[in-house]
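Asks: Mind looking at a prediction? Sequence and model below.
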Amino acid sequence: MRRFIIDTDTASDDAVALIMALRERSIHIEGVTVVAGNVPIDLALKNALVSIEVANTYTPPVCKGMSKPLLRDLYTSEFVHGNDGMGNMNLQEPSIKHNEKHAVDAIIDMVGQYPYEIEIITLGPLTNIAMAYLKAPEILKKVKSITIMGSAGLGSGNITPVAEFNVYADAEAFGIVIDIPIPKLIVGWDVSMDKTFIDENDLEYMLSLESPIADFCVRCNASVKEFNKKKFGKTGFDLPDPTAVAAALRPDMILDFYDAFIYVETKGELTYGQVIIDNINILNKKPNARVCKRIDNARFKEYLFELIK
C-alpha cells in the first residue's frame with residue numbers, strides 16, 4: 001500500500017483534497033502536517049482536524065508546523081477563502097486533537113521510518129518541507145516523490161500577474177524544495193482553472209448526491225465561488241489542491257506533461273514568486289521536475305464525486 005504525507009495550509013480546496021485522500025482506500029495517509037499559508041497556523045490546524053472528521057474514515061497523526069515563511073512575514077488569503085478559510089462556515093471546534101510533535105520533526109521521522117516509501121503531497125507553502133530538508137537533508141533525500149500544488153504553470157499568476165499563491169507565500173522555501181534530488185511533480189494553478197473547474201452543472205450534481213460530505217465540500221468553497229464570480233466572471237470554484245491529489249493518486253489521469261528545469265524568482269520586486277519553467281530547454285540544464293500540463297477532466301470529476309458521495 002502506498003504511504004503518503006499531506007502537507008496543508010488547510011482552507012477550502014485543501015479540505016476537499018484532504019477528504020479525497022482519506023477516502024481513497026488504496027493508499028494510507030501516514031500523517032498530516034499543517035503549515036501557515038491560506039490562514040494562520042492555528043486556523044489551518046483546526047480546519048484540517050474538522051476535515052478529517054468530515055471524511056469519516058480514520059485519523060492519521062496531525063502535526064502543527066511552521067507559523068510563518070522562512071524569511072518573510074506571513075501573507076494569507078482570507079479574501080479568497082473567507083475569514084475562517086472555509087467559506088465563513090463558523091465551524092465548531094473539532095473533537096479530535098493534534099499530535100504535539102512539530103510537523104518538521106514528524107516529516108523527518110516518517111520518512112526515516114519508511115525510507116523510499118513516503119510520497120508527499122503539498123497543498124500550501126513549502127515551509128515545512130524546506131525546513132525538514134535543511135534539518136535532515138540525507139533523510140529527506142529518501143522521500144519517494146513529492147507532488148507540489150504550486151506555480152502558475154505556463155499561465156498567469158493568481159496573487160500577482162506572475163506568481164501563484166503557494167509559491168508567493170514562501171518562494172525561498174520553494175527554491176529549496178525544487179532542488180532536492182527526488183522525483184517531483186508540479187501541478188500548477190493553470191490546470192485547475194481549465195478543465196477541472198467546478199461549474200454550475202457540477203455544483204448541482206454535487207448537491208443532488210444528498211451527501212453530508214459533498215454538501216460540506218460545496219459549502220466550504222462558498223467564498224471561493226463568490227471570489228471567482230467577481231474576479232473572473234465564472235460561476236463555480238477551482239480545485240487546485242484536489243487536482244494535485246488526483247494527479248498524485250491516479251497518475252494515469254494526467255493526459256499531458258513535460259520535464260523541465262525549474263527555478264523561482266526571489267529577488268525581484270515585481271516578480272517575486274514567479275516560477276520559471278524552461279519547457280523548451282533554453283538553459284540546457286537537466287530537468288529537475290515533471291510538470292502536469294493537462295488532466296482528464298471527466299475522470300477527475302468522476303473520481304471526486306465517487307469519493308465524496
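Replies: Here it is on my side, so go on. Numbers count the residues shown, from 1 in each chain.

Asks: got the contact list for the spatially most central residue of the chain?
Replies: For the chain, the residue nearest the mean C-alpha position is Leu123 (1.5 Å; CA atoms, centre = their mean). Counting by CB atoms under 8 Å, 6 or more residues apart in numbering, Leu123 makes contact with 6-10, 13-14, 17-18, 149, 166, 241, 244-245. (Glycine included, C-beta is placed from N, CA and C.)

Asks: can you check Asp278 too?
Replies: Residues near Asp278 by CB under 8 Å, 6+ apart: Ala260, Phe261, Ile262, Lys285.

Asks: One more pass at 10 Å, please.
Replies: Contacts for Asp278 (CB atoms under 10 Å, 6 or more residues apart in numbering) come out as Ala260, Phe261, Ile262, Tyr263, Asn284, Lys285, Pro287, Asn288.

Asks: Now, those residues that are in helices?
Replies: Using DSSP state H, no member of the contacts of Asp278 falls within helices.

Asks: Let's have those in a markdown table, adding neighbour count and pLDDT.
Replies: Listed next are these as a markdown table, based on neighbours: other CB atoms under 10 Å; pLDDT from 0 to 100:
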| residue | neighbour count | pLDDT |
| --- | --- | --- |
| Ala260 | 21 | 97 |
| Phe261 | 18 | 98 |
| Ile262 | 24 | 98 |
| Tyr263 | 17 | 97 |
| Asn284 | 7 | 96 |
| Lys285 | 12 | 97 |
| Pro287 | 16 | 97 |
| Asn288 | 19 | 98 |
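
Asks: what's the closest of those residues to Gln274?
Replies: Nearest to Gln274 among these is Tyr263, at 9.7 Å by CB to CB.

Asks: how far is the helix or strand in which Thr243 is found from where the chain is centred?
Replies: Taking DSSP states H and E as the criterion, the element that holds Thr243 is helix 240-249. Chain-centre distance of helix 240-249: 8 Å, with CA atoms, centre = their mean, to the nearest Å.

Asks: swap in stretch 195-204?
Replies: Centre-to-centre, stretch 195-204 and its host chain are 20 Å apart (CA atoms, centre = their mean).

Asks: end-to-end on it?
Replies: Start and end residues of stretch 195-204 are separated by 17 Å (CA to CA, to the nearest Å).

Asks: follow-up on the earlier one: taking the contacts of Leu123 one by one, which sit in strands?
Replies: Ile6, Asp7, Thr8, Met149 (DSSP state E).
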